[in-house]
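Visitor: Only the shape, not the letters, is given here:
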DNA sequence: CTTATTCATCGTAATATTACAATAAACATT
DNA sequence: AATGTTTATTGTAATATTACGATGAATAAG
């Protein structure tokens, strides 16, 4: 137990859930917002901006990298992260498709 | 440790993360989709539709209820669940606001 | 009143997540 | 080469999540 039963759900459902999960932490939201704001790519500045340990930030960055939302390129001794526009758009349309399915009728109960 | 440091993030960030979390499981996605599809409210039919134990479904329903996305009304011995249109719209616009912040320029790295 | 039916809750096991100190790896600087 | 800087990784503790059987509470049916 304690293990999500992905087999019984559709690929779409699993993928959407995974997308949500990638953003289901305030630190990862904050990281994304920083990357959006500082049009140029930030790197370890994130550690100063957010108040978390370097190891923790690195861990969150890894998760965001794993789902493809961000990518990092090495620049000397530091790493420059930025948002992957393609994946961002995929997320955006996946979320929109999900939310558009429900049309507001009078609540039935 | 192991406890999210909500204090260091803004209310907006925490709320958005919580919304994502509510939908960060395929079973909860599937439940919502069922409720959208069967315009009338479903109840324990969910247990048959998805392949999870009754206790598990009940637990997921509770989480969705906690964030306000769905509401349930007792009908005799069964419970009728449906989406709360107001909260749905709040979610929708919160997600849209988030995704609209990033405008696709050429990826910088 | 007794017996089903339906759903919520409790208890519990397995697994995942979050956070950080400590360390390693890679490059830059002296 | 030796030292510093920056990031990733490893190990670990605390907490959260997921799933389900068992039980309880409420109403319906007999």
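Guide: Here it is on my side, so go on. This one's a predicted model, so the numbers in the text were calculated from it and none came from an experiment.

Visitor: which residues in chain A form helices?
Guide: Secondary structure of chain A (DSSP state H): helices located at A:11-22, A:26-37, A:45-49, A:54-66, A:85-100.

Visitor: Show residues contacting the longest one.
Guide: So the one you mean is helix A:85-100. If you take Cβ atoms under 8 Å, 6 or more residues apart in numbering or on different chains as the criterion, helix A:85-100 is touched by A:15-16, A:19, A:67-69, B:29, B:88, B:91-92, B:95-96, B:99, B:102, B:104-105, B:107. C-beta here means a position set from N, CA and C on the backbone, and glycine is covered the same way.

Visitor: looking at the helices of chain A, which is buried most?
Guide: Among those, ranked by average contacts under mean count of other Cβ atoms under 10 Å in any protein chain shown, first place goes to helix A:26-37 (a mean of 20).

Visitor: can you pull the contacts of residue A:21?
Guide: Taking Cβ under 8 Å, 6+ apart, one finds B:20-21, B:24-25 in contact with residue A:21.

Visitor: rerun that using 10 Å as the cut-off
Guide: Contact analysis of residue A:21 by Cβ atoms under 10 Å, 6 or more residues apart in numbering or on different chains lists A:28, A:63, A:67, B:20-21, B:23-25.

Visitor: of all of chain A, which residue lies closest to DNA strand D?
Guide: residue A:44 (1.8 Å; Cβ to the nearest atom of the strand).

Visitor: Surely that residue and residue A:79 touch.
Guide: Yes: counting by Cβ atoms under 10 Å, residue A:79 is a contact partner of residue A:44 at 7.7 Å.
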